[in-house]
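**Student:** with the sequence up front, the predicted model follows.
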Amino acid sequence: MQDLTKVDVIVNNYADTKTPLIYILKDVQKEYGSLSEPVLTQVAKATNLPLSDIYGVATFYSLFNTEDKGKYIVRCCNNAPCHVKGSKDVLEKIKEYLGLEMNETTTDKLFTLEFTSCLGLCAVAPVMMINDEVYGNLTPEKAVAILKDYKMKGQANA
Amino acid sequence: MHRIHILIAMDGHTIAQGARSVKDALERELKMAALADEVRVVETGSLGIYNKGVVMVVFPDAVYYAGVKVEDVSEIISEHLIKGRKVDRLQYTDIPETETTGVPAPRFGKQVRVVLKNAGVIDPDNIDEYIAHDGYEAFGKALTEMNPDAVRSTVKESGLQGRGGAFFPTGLKWDFAAKETAEQKYIVCNADEGEPGTFKDRLILEGDPHAVIEGMALAGFAVGATKGYVYIRGEYRMSIDRMQRAIDQAKENGLLGDNLFGTDFSFDLEIREGAGAYICGEETALIESIEGKRGEPRDKPPFPPSEGLWGKPTIVNNVETLANIPQIILKGAEWYKSLGTEKSPGTKVFTMVGNINNPGLIEVPMGITLREIIYDIGQGIPNGKGFKLAQMGGTTGGILTSEHLDLPLAAENLREIGSGLGSGALLVVDEDQEIVDLVTNFVEFFNHESCGKCTLCREGTGRLLERLEKLSSGEGEIKDIDMIEELAVVMMKGAFCGLGQAAPVPILGTLKHFRPEFEKLVKQPEAVA
């Protein structure tokens, strides 16, 4: 049984904020890794909001996830400015290297592959973001080299 | 007292190219060389040099270095800082002087910096530097020498139009909210910059956050609002952090809070973070999101100036719009009107992206031509390729072709050809790009970002995508192209909000100018033996 008491603490932190649900969900996700059903049920109890509303919000925004993800979330941009600079080839190579399709996680729970919305770094397109780090001017080779570093780091810390 | 100042550009673009580790190395090695007391390293916003690696400028010599790597740091210190000899191989020299700031800066030839006058000049984390550049002077002037009516009249006379993309007259919008008698009103800064190819608001927030705060405070005074929210998309971590520090400093300095400048006007500011949804750039969806709900757009009317956040009169203005306000108040409407065209006064911040030699962000007077931007400031298209098209204003933007290269870029001219300036993103596409491939990319984007509220947008984007994929797979027929066109027109007329209405713009634009490229993909009837 998961310890859900931290949910109440987080909700309490926002007692003075008007309509703080998005902030609460962000903090709760940081604490628990994902917004799973038990976690959201506890948020509903603590905030006195209908679970359906909370679930609606949790599934609307792309920065929220209801399932656990890998240690490193690789977010690739495929918006038009990155697209015309060759993001498709970069993405294909990343898929091949990680052995993943979009929104999948490696079995060792190290990598999750996703799209990102435009990061506003189009002058150095194509770009990707791994957790909070951003990488620009990608080529397929450069992207794989970056991922190799993460793989080594991740396996060393495992 | 420091003998030398090094300004290092610390914005998303330079960080993506390693600026943090270069700055760390610089500070570490300055300490080792016992120069930490003589040389001050200052983080600044974008220096206006993009895609050239880590960029810094050494003052008082005003020497620019680009492409600086960690291993170059010791050479800069031993050669330039100690011996006074510039490191030629790293120097960046494409730097005419700018009229507006007097500080040498790159590629400023045709640029006029109003909104970005402090970006790359001051340390955005230090309110004293903003104040030293006339910061909060407009706010003080408004509170002590003007009344709210006068502030609104000045903005109205200046002709300033909303820089989020709709170009609605800002002063008029303010009047709507000022007329309302509600006790509580709100000012919201729309910093949910999600339009692909657009990063102007990001660089304003990262380079000069106090200009936005001052603009919001002035808007609050003008319409009688005492509380403001800056809604910043969750992906813009650095903008959020810089803005938070700026708000804290403004509060400490008595520039936000109660009884400002000894008057009875109070104004407080808070950040609200987005959580990843393109649609939240639409103002009523944004308001829903601040209210902690799914960011789905509301019915209009009522419009936010009469009924917005928590049902109260609310002004939603874009970052760039607000950053214009302090200078309009300080220098007057006439000064502002002297910039740009008659119907579109002022400057516009454009972001140049795609197949262009010198991508990045520029601020130019309204009325500049596409040719000047692409071939002059942008230094042309890489590898000598030909120009195919430009998309103006982000993914919902209109399609411009070579026949539009000499059209002065101002809101009114673009409206005439069924386009708009939109967010100011200019995507340049060279002759190698296949049109259907590009349009498919646009539609994938809309299909993903459609919020699902109305059928035309939710289903329409999906059906468009199916037909485009059918064409690309070689199975398409002429009637699929006709269907794409028909569906696009229906969505434009019938979708609930701006997203679904604008999504067809680039589809119809490419069909108009490049229809043969769609048709060449149509399945050929098999030859009969």
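**Tutor:** Yes, it's here. Residues are numbered from 1 along each chain as shown, chains lettered A, B, ... in the order given.

**Student:** any idea which helix or strand comes after the helix or strand encompassing residue B:328?
**Tutor:** Residue B:328 belongs to helix B:319-331 when elements are defined using DSSP states H and E. Per DSSP H and E, the first helix or strand lying C-terminal to helix B:319-331 is helix B:333-337.

**Student:** re the thing from before, same for the helix holding residue B:328, what does it pack against?
**Tutor:** When contacts are defined as 3 or more Cβ pairs under 8 Å, 6 or more residues apart in numbering or on different chains; DSSP states H and E, helix B:319-331 sits against helix B:137-145, helix B:148-158, strand B:186-191, helix B:200-207, helix B:209-223, helix B:333-337. For the C-beta atoms, the positions are set from N, CA and C on the backbone; glycine is no exception.

**Student:** mind checking how far the longest one is from the chain centre?
**Tutor:** From the chain centre to the centre of helix B:209-223 is a distance of 18 Å (Cα atoms, centre = their mean, to the nearest Å).

**Student:** tell me which other helices or strands the helix or strand that that helix is followed by touches.
**Tutor:** Using DSSP H and E, the helix or strand that directly follows helix B:209-223 along the chain is strand B:227-232. With contacts taken as 3+ Cβ pairs under 8 Å, 6+ apart, strand B:227-232 sits against strand B:186-191, helix B:209-223, helix B:237-252, strand B:268-273, helix B:283-290.

**Student:** export those to a markdown table and tack on distance to chain A, mean pLDDT and mean neighbour count?
**Tutor:** Putting these into a markdown table (distance: least, Cβ to the nearest Cβ, whole Å; pLDDT from 0 to 100; neighbours: other Cβ atoms under 10 Å in any protein chain shown) gives the following:
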| stretch | distance to chain A | mean pLDDT | mean neighbour count |
| --- | --- | --- | --- |
| strand B:186-191 | 11 | 98 | 27 |
| helix B:209-223 | 16 | 98 | 28 |
| helix B:237-252 | 6 | 96 | 19 |
| strand B:268-273 | 7 | 97 | 19 |
| helix B:283-290 | 7 | 98 | 25 |
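
**Student:** make a markdown table from the ones you listed and add distance to residue A:24 to it.
**Tutor:** Output for these, formatted as a markdown table (distance: least, Cβ to Cβ, whole Å):
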| stretch | distance to residue A:24 |
| --- | --- |
| strand B:186-191 | 21 |
| helix B:209-223 | 26 |
| helix B:237-252 | 17 |
| strand B:268-273 | 12 |
| helix B:283-290 | 14 |
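
**Student:** contacts for the strand or helix carrying residue B:25, please.
**Tutor:** Using DSSP H and E, residue B:25 falls within helix B:19-32. Contact partners of helix B:19-32, identified using Cβ atoms under 8 Å, 6 or more residues apart in numbering or on different chains, comprise B:6, B:8-10, B:36, B:39, B:41, B:43, B:54, B:56, B:68-70, B:73-74, B:76-77, B:81.

**Student:** for residue B:320, find the nearest of the helices and strands packed on strand B:227-232.
**Tutor:** helix B:209-223 (9.1 Å; Cβ to Cβ).

**Student:** could you give the angle of the closest one to helix B:200-207?
**Tutor:** Going by axes from the mean of the first three to the mean of the last three Cα atoms, to 10 degrees, helix B:209-223 is angled at 110 degrees with respect to helix B:200-207.

**Student:** helix B:209-223 vs helix B:148-158, what angle?
**Tutor:** Using the same axes, to 10 degrees: helix B:209-223 against helix B:148-158 is 120 degrees.

**Student:** for stretch A:109-118, buried residues please.
**Tutor:** Of all the residues in stretch A:109-118, those buried under the rule 16 or more other Cβ atoms under 10 Å in any protein chain shown are A:110-118.

**Student:** near chain B, which of these show up?
**Tutor:** A:115-118 (Cβ under 8 Å from any Cβ of the partner chain).

**Student:** out of these, which comes closest to chain B?
**Tutor:** Taking Cβ to the nearest Cβ as the measure, chain B lies nearest residue A:118 of those, at 4.1 Å.

**Student:** list the contacts of the nearest residue to that closest one once chain neighbours are set aside.
**Tutor:** Nearest residue to residue A:118, sequence neighbours excluded (Cβ to Cβ, 6 or more residues apart in numbering or on different chains): residue B:196, at 4.1 Å. Contacts for residue B:196 (Cβ under 8 Å, 6+ apart) come out as A:79-81, A:117-118, A:122, B:394-395, B:425, B:445.

**Student:** for residue B:76, same thing?
**Tutor:** B:26, B:58, B:65, B:68, B:87, B:90 are the contacts of residue B:76 under Cβ under 8 Å, 6+ apart.

**Student:** could you dump the residues you listed into a markdown table and include pLDDT, secondary structure and distance to residue A:5?
**Tutor:** Output for those, formatted as a markdown table (pLDDT from 0 to 100; DSSP: H, G, I helix; E, B strand; the rest coil; distance: Cβ to Cβ, whole Å):
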| residue | pLDDT | secondary structure | distance to residue A:5 |
| --- | --- | --- | --- |
| B:26 | 94 | helix | 45 |
| B:58 | 90 | strand | 54 |
| B:65 | 94 | strand | 53 |
| B:68 | 95 | coil | 49 |
| B:87 | 93 | coil | 57 |
| B:90 | 94 | helix | 55 |
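
**Student:** who wins on neighbours among those residues?
**Tutor:** residue B:68 (27 neighbours; other Cβ atoms under 10 Å in any protein chain shown).

**Student:** separation between the nearest residue to that residue once chain neighbours are set aside and chain A?
**Tutor:** Ranked by Cβ to Cβ, 6+ apart and with sequence neighbours excluded, the top spatial neighbour of residue B:68 is residue B:54, at 4.5 Å. Distance of residue B:54 to chain A, given as Cβ to the nearest Cβ, to the nearest Å: 12 Å.

**Student:** and what of residue B:483?
**Tutor:** 23 Å.

**Student:** ok, that residue - contacts?
**Tutor:** B:463, B:467.

**Student:** contact partners of the longest helix belonging to chain A?
**Tutor:** What stands out as the longest helix in chain A, according to DSSP state H, is helix A:140-157. By Cβ under 8 Å, 6+ apart, the residues outside helix A:140-157 that reach it are A:71-72, A:74, A:89-90, A:92-94, A:97-98, A:110-111, A:128, A:130, A:135.

**Student:** let's see 10 Å
**Tutor:** Contacts with helix A:140-157, where a contact means Cβ atoms under 10 Å, 6 or more residues apart in numbering or on different chains, come from A:70-72, A:74, A:76, A:86-87, A:89-94, A:96-98, A:106, A:108-111, A:126, A:128, A:130-131, A:133, A:135-136, A:138-139.

**Student:** all the strands of chain A, residue numbers only.
**Tutor:** A:72-77, A:111-116, A:128-130, A:133-135 (DSSP state E).

**Student:** save those as JSON lines, and put in mean pLDDT too.
**Tutor:** As requested, the strands of chain A are exported to JSON lines (pLDDT from 0 to 100):
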{"stretch": "strand A:72-77", "mean pLDDT": "96"}
{"stretch": "strand A:111-116", "mean pLDDT": "95"}
{"stretch": "strand A:128-130", "mean pLDDT": "94"}
{"stretch": "strand A:133-135", "mean pLDDT": "89"}
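
**Student:** so where do the helices sit in chain A?
**Tutor:** Using DSSP H, helices in chain A cover A:5-13, A:21-32, A:37-47, A:51-60, A:80-83, A:87-98, A:140-157.

**Student:** need those helices in CSV (columns: mean neighbour count).
**Tutor:** What follows is the helices of chain A, written out as CSV (neighbours: other Cβ atoms under 10 Å in any protein chain shown):
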stretch, mean neighbour count
helix A:5-13, 15
helix A:21-32, 19
helix A:37-47, 18
helix A:51-60, 17
helix A:80-83, 30
helix A:87-98, 18
helix A:140-157, 14
